[in-house]
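In: build me a model from this:
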Amino acid sequence: MSRRKAPAQAAPRCTVTVCRGCCCGTAKVPGTDHAAQIAVLKAELGAVAQVRAVNCLDACEQANVIVVQPSSPGRAAGGRPVWLGLVNDPDATGDIVAWVRSGGPGLAEPPDILDLYEFGPSRRVRRAVEG
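Out: Numbering: from 1, shown residues only. Below you'll find the model as predicted:
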């Protein structure tokens, strides 16, 4: 029997992963209503995406971090997970909501403003979250 890990299966809908660990979602990022941010994401996206909070994505210098993973159709169309950092403004959260509601990675172009938030995590961190 093989001990190799089975490849991860893409979700039928987008997954929005919200960091709420070491720095994200804490007083270390002042002036942000962290509870409201995740409440908005869950309320606005609950019907079209899975929204989940995780302990730490190990990209603390980018707090607050949100990763938008494509749906199965989005991945089939070439979409890949998009890492967004410094998401500390309600307008940025709203832009993420609009993009995911339109289809997310692979199916809809993100609002141009989200280019300012996109970053690439280390390969180790990316494998742990996306794998």
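In: strands of this structure, start to end?
Out: For the chain, strands defined by DSSP state E occupy the ranges 14-19, 49-54, 66-69, 82-84.
In: can you read off the pLDDT for the residue nearest to S102 when sequence neighbours are not counted?
Out: Nearest in space to S102, with sequence neighbours left out and distances taken as Cβ to Cβ, 6 or more residues apart in numbering, is A108 at 3.7 Å. Bear in mind the C-beta positions are built from the backbone N, C-alpha and C, glycine included. pLDDT, A108: 98.
In: now do the helix or strand bottoming out on mean pLDDT in the chain against strand 14-19, angle only.
Out: The helix or strand of the chain with the poorest confidence is helix 123-130; it has a mean of 71 (mean pLDDT, DSSP states H and E). Orientation check (axes from the mean of the first three to the mean of the last three Cα atoms, to 10 degrees): helix 123-130 against strand 14-19 gives 120 degrees.
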